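# Need the 3D shape of this:
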Amino acid sequence: MTGGFGRFVVGTGRCGSTLCSRMLAEHPDVVSLNECFTGLDWGRRFSTDPVSGAEVAAILSTPNQVTHDALSRGYTAEEITYPFRATDRYRRSDPVPWLLVSTLPYLSDDPDALFDRTLEWLRLRPVAPIAEHYSALFDRLAAGAGGGMWVERSGSSVDYLADLDEHFSEARFVHLHRDGPEVALSMRRHALYRLAVQLVYGVVPDGVDPDDDSEEGRDRLVRAWLEGQPPIELYGRYWSDQMVRGCEAAASLPEERLLTVAFVDLVERPVEVMGDLAGFFEFPPSPRFAEQAAMLVDGVPPARYGDLSDQERAALDAACEPGRAALAALQGRGHISPRTNP
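As a prediction, the model looks like this:
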């Protein structure tokens, strides 16, 4: 593995990890790999049995249904970077292989060609633990993009931190967290999360027959999810559920493998935070890295919590309480950046 060990940024989604990934990529020896895992088949992406490279290629090339449902109905998100140009292979109405949704377009102006080369190479690999395939793939992608080491970041990845730890037993993790209410409010404005969260909790919108499995019936259901505004506490519950699972996994990690950083510190003290991350990840010295990375920060996003009614704030706070308690317990163990958290 290039650089000696795996490096991951994990978070709940809508926590600032995309910005953090872009900032880390300012280091001349670092390549950021985005959204490699979240959209993969949950039952196959971290197989405990050895698999062939061809099986991994199949996992990575399977489209994600939530992404397809949103794209094909005219919705998008900043994480979706496939260009959809007239000369590209796929249109917004097409199911797009997951590896092409976000990961490869960051690395090449011709993601389709890179996708073909990557799958051809993967299919030749023999049976091995799935993490060996991923590590070899990430090394190859980083080298092809001109970097000596990689940092992987996927939305909602703290939810499967235990799986990452199991398969990448020497990896180091930066856990980036943002306060639950602001995450929940950001998720409600984000088409893919709006769809995914209602799907996870089985929300049935008013006026929709959930038992209508016809093409028209499913289209009405998906559009109702995309266009609806369920109670804000549903997103707070989603944040808490992820945070509880993630903090439980994080608590079992030794301190040398985990660094917990607050989003507010990332945007208010970016030079210090990037210095901490560079040291934690053991990046090669780069005198201008932290300052260049800090230039990507536009400041603290405006808070939306105050726009809610008193009743909504109370419901959202209650939904976020388990996640806040889990985070406080984790921080109480000392798993925090020494300079960027009180």
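# Model confidence for the closest residue to Ser72 other than its chain neighbours, exactly?
Distances taken as C-beta to C-beta, 6 or more residues apart in numbering place Ser93 nearest to Ser72, at 4.9 Å, with adjacent residues excluded. Placement of C-beta: from N, CA and C, glycine included. Reading off the confidence values, Ser93 has pLDDT 97.
# Just give me the neighbour total for Ser93.
Look at Ser93: counted by other C-beta atoms under 10 Å, it has 11 neighbours.
# sec struct for it, please.
Look at Ser93: counting by DSSP: H, G, I helix; E, B strand; the rest coil, its state is coil.
# Could you measure from Leu221 over to Pro254?
With distances taken as C-beta to C-beta, to the nearest Å, Leu221 is found 45 Å from Pro254.
# Please read the previous query as pertaining to Leu234.
Distance, Leu234 to Pro254, using C-beta to C-beta: 35 Å.
# Among the two, which residue is more densely surrounded?
Neighbours per residue, other C-beta under 10 Å: of Leu234 and Pro254, the larger number sits with Leu234, 20 against 7.
# Now the helix or strand where that one lies: average pLDDT?
Using DSSP states H and E, Leu234 sits in helix 232-251. Helix 232-251 shows a mean pLDDT of 97 in the predicted model.
# How far does that helix sit from its chain's centre?
Helix 232-251 sits 14 Å away from the centroid of its parent chain (C-alpha atoms, centre = their mean, to the nearest Å).
# Which neighbouring elements make contact with the helix or strand just after it?
Counting by DSSP H and E, the element after helix 232-251 in chain order, helix or strand, is strand 258-262. Contact analysis of strand 258-262 by 3 or more C-beta pairs under 8 Å, 6 or more residues apart in numbering; DSSP states H and E lists strand 172-177, helix 270-280 as its packing neighbours.
# Can I get stretch 127-145 in PDB? Just the C-alpha atoms.
Backbone C-alpha positions of stretch 127-145 (Å, rounded to 0.1, in the frame of the first residue of the first chain) are rendered in PDB as follows:
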ATOM      1  CA  VAL A 127      -9.000 -14.100  -5.600                       C
ATOM      2  CA  ALA A 128      -8.000 -12.100  -2.500                       C
ATOM      3  CA  PRO A 129      -9.500 -10.300   0.600                       C
ATOM      4  CA  ILE A 130     -11.600  -7.500  -0.700                       C
ATOM      5  CA  ALA A 131      -9.600  -4.900   1.200                       C
ATOM      6  CA  GLU A 132      -6.500  -5.900  -0.800                       C
ATOM      7  CA  HIS A 133      -8.300  -5.200  -4.000                       C
ATOM      8  CA  TYR A 134      -9.500  -1.800  -2.800                       C
ATOM      9  CA  SER A 135      -6.000  -0.900  -1.500                       C
ATOM     10  CA  ALA A 136      -4.400  -1.900  -4.800                       C
ATOM     11  CA  LEU A 137      -7.100   0.000  -6.700                       C
ATOM     12  CA  PHE A 138      -6.600   3.100  -4.600                       C
ATOM     13  CA  ASP A 139      -2.800   2.900  -5.000                       C
ATOM     14  CA  ARG A 140      -3.200   2.600  -8.800                       C
ATOM     15  CA  LEU A 141      -5.700   5.500  -9.000                       C
ATOM     16  CA  ALA A 142      -3.400   7.700  -6.800                       C
ATOM     17  CA  ALA A 143      -0.400   6.900  -8.900                       C
ATOM     18  CA  GLY A 144      -2.200   7.600 -12.100                       C
ATOM     19  CA  ALA A 145      -3.300  11.000 -10.800                       C
END
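# Just the buried positions in the helix holding Leu234, please.
The neighbour-count check on helix 232-251 (16 or more other C-beta atoms under 10 Å) flags 232-247, 249-250 as buried.
# which other helices and strands contact that helix?
helix 161-167, strand 172-177, helix 180-188, helix 191-200, helix 310-332.
# counting contacts, what elements does the third one pack onto?
In terms of contact count using 3+ C-beta pairs under 8 Å, 6+ apart, helix 180-188 is assigned the packing partners helix 191-200, helix 232-251, helix 310-332.
# separation between the residue lying closest to Ala318 once chain neighbours are set aside and Ser240?
The shortest distance from Ala318 to any non-neighbouring residue, by C-beta to C-beta, 6+ apart, is to Glu233 (7.0 Å). From Glu233 across to Ser240, the span is 10 Å (C-beta to C-beta).
# before we move on, what about Glu55?
From Glu55 over to Ser240 the distance is 34 Å, taken as C-beta to C-beta.
# And Leu330, by the same measure?
From Leu330 to Ser240 the distance is 14 Å (C-beta to C-beta).
# just Leu195 next, same as before
Leu195 sits 20 Å away from Ser240, going by C-beta to C-beta.
# Same question for Arg44.
27 Å.
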